[in-house]
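Asker: have a look at this prediction, sequence included:
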Amino acid sequence: MTHYDISSLQNGRIKQVVKLNNRRQRDAQQITVVEGLREIERALDAGIMPIDAFICPDLLDAYGQTLVSRLKNNPQIQLCTVTTAVFAKIAYREASGGIILVIPYSSNSLDDLPLSDKPFLVVIDGAEKPGNLGAILRTADGAGIDGLIITDTPGQGTDIHNPNVIRASLGTRFTVPIAAVKPEQAIDWLHEQGISILATTPAADLLYTAVDLTEPVAIVMGSEAYGLDTTWLTAANQHVRIPMHGKADSLNLSTATALLLYECVRQRGEISGNHKIFEATL
């Protein structure tokens, strides 16, 4: 382990971390930031190897000290002790617990997704807000899905490496297998795997509770502003809708996704996903 003490706000390493606020900088360097103690623990538990760890001793509690001990035990990590002022400069949000990690990008190919006997997947097309994607990841983890597929035009939409996605997910960004691909790639792969595509659209006749979700299925959700692209609507085996009885014509994306995922959990009674078994209760 290499150790540095940093007290200057103008330190080059600190400036580098601040630049990672910008997606273009993250993409160019293929690195991102993790903050929050639960998020950091889940990253480490998932085998993520940090490049740098920035520690503010004055902000650490007992939980944070335990995580620091884990970091110190790894000789490959560069550990930087910083002042409270320096930590405040690099932190994305308050209450970060005194630890920030810089980690390499990580994602799966479609063929890397660990499919169960009756796959249960979620596709998010054109997600716009990091908070929504983070909340969807928390729900996906809880529902025990086999994997999350993000489809969008490259460089647009919500970046799965956005630190705010990681924070909003409470670290489940590292527990849910994710593949980010173009829509056409995802559609071809789902067809090859024999996985039914279920598209959500307000124009559908069927309610989401009226379709069979016990067989291999990929639930496809579109952006709040534009809904699903015609590419997905054309490729889908079935279209479903969520009933809306008020003036609004759609729900928040993360809320709508949660309804569909837990309807699948309810119908299957139990789901054996990539790492958990859940029993549905009514």
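Answerer: Everything's here; your move. Numbering: from 1, shown residues only.

Asker: list the contacts of the host helix or strand of Lys15.
Answerer: Secondary structure from DSSP states H and E places Lys15 in helix 12-19. Under the contact criterion Cβ atoms under 8 Å, 6 or more residues apart in numbering, helix 12-19 has outside partners 4, 6, 8, 25, 33, 52, 54, 80, 82, 86, 89-90, 100, 102. Where C-beta positions appear, they are placed from N, C-alpha and C, glycine not excepted.

Asker: what is the lowest-pLDDT residue among those residues?
Answerer: Ranked by pLDDT, these bottom out at Tyr4, which has 82.

Asker: Gln78 is in contact with that one, correct?
Answerer: Yes. Applying Cβ atoms under 8 Å as the test, Tyr4 and Gln78 come out as touching, 7.1 Å apart.

Asker: those two: which is more packed in?
Answerer: Gln78 (16 against 13; other Cβ atoms under 10 Å).

Asker: what residues are up against that one?
Answerer: Met1, Thr2, His3, Tyr4, Ile51, Asp52, Ala53.

Asker: can you do 7 Å?
Answerer: Thr2, Ile51, Asp52 (Cβ atoms under 7 Å, 6 or more residues apart in numbering).

Asker: quick check: bridge partners of the residue nearest to the second one when sequence neighbours are not counted?
Answerer: The shortest distance from Ile51 to any residue other than its chain neighbours is 4.8 Å, reached at Val102 (Cβ to Cβ, 6 or more residues apart in numbering). Taking DSSP bridges, one finds Val33, Asp52 as the beta-bridge partners of Val102.

Asker: all further residue positions should be reported with the first residue as 34.
Answerer: With the count now opening at 34, the last piece we talked about shows up as Val135.

Asker: and Val135, how far is that from Ser40?
Answerer: 19 Å (Cβ to Cβ, to the nearest Å).

Asker: looking at this, Arg59 is in a strand?
Answerer: No. Assessed with DSSP: H, G, I helix; E, B strand; the rest coil, Arg59 is helix; it does not lie in a strand.

Asker: residue contacts, it?
Answerer: Applying Cβ under 7 Å, 6+ apart, the residues contacting Arg59 are Leu53, Thr65, His194.

Asker: what's the answer for Gln62, then?
Answerer: Per Cβ under 7 Å, 6+ apart, neighbours of Gln62: none.

Asker: ranges for the helices of the stretch 134-283 of the chain?
Answerer: Counting by DSSP state H, counting those that start in this stretch, residue ranges of the helices within the stretch 134-283 of the chain are 163-176, 196-201, 216-225, 263-268.

Asker: elements contacting the first one?
Answerer: Applying 3 or more Cβ pairs under 7 Å, 6 or more residues apart in numbering; DSSP states H and E, we find helix 163-176 packed against strand 153-158, helix 196-201, helix 286-301.

Asker: how close does the one residue sitting closest to the centre of the chain get to Asp185?
Answerer: By Cα atoms, centre = their mean, the chain has its centre lying nearest to Arg206, at 3.7 Å. The gap separating Arg206 from Asp185 is 17 Å, by Cβ to Cβ.

Asker: same thing with Thr35?
Answerer: Thr35 is 37 Å from Asp185, by Cβ to Cβ.

Asker: between the two, which has more neighbouring residues?
Answerer: Asp185 (21 against 10).

Asker: so which of the helices and strands packed on helix 163-176 is nearest Glu74?
Answerer: Nearest to Glu74, of all those, is helix 196-201, at 12.5 Å by Cβ to Cβ.

Asker: what is that closest one packed up against?
Answerer: strand 64-68, helix 163-176.

Asker: okay, these in TSV with distance to Met254 and mean neighbour count next?
Answerer: TSV is the format used below for these (distance: least, Cβ to Cβ, whole Å; neighbours: other Cβ atoms under 10 Å):
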stretch	distance to Met254	mean neighbour count
strand 64-68	24	23
helix 163-176	8	23
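
Asker: tabulate the ones you listed in TSV, adding columns for distance to Thr233.
Answerer: Output for those, formatted as TSV (distance: least, Cβ to Cβ, whole Å):
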stretch	distance to Thr233
strand 64-68	29
helix 163-176	13
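
Asker: of these, which is nearest Ser139?
Answerer: Closest among those, using Cβ to Cβ: strand 64-68, at 9.3 Å.

Asker: quick one: mean pLDDT for the next helix or strand after that closest one?
Answerer: Using DSSP H and E, the helix or strand that follows strand 64-68 towards the C-terminus is helix 70-78. Mean per-residue pLDDT for helix 70-78: 97.
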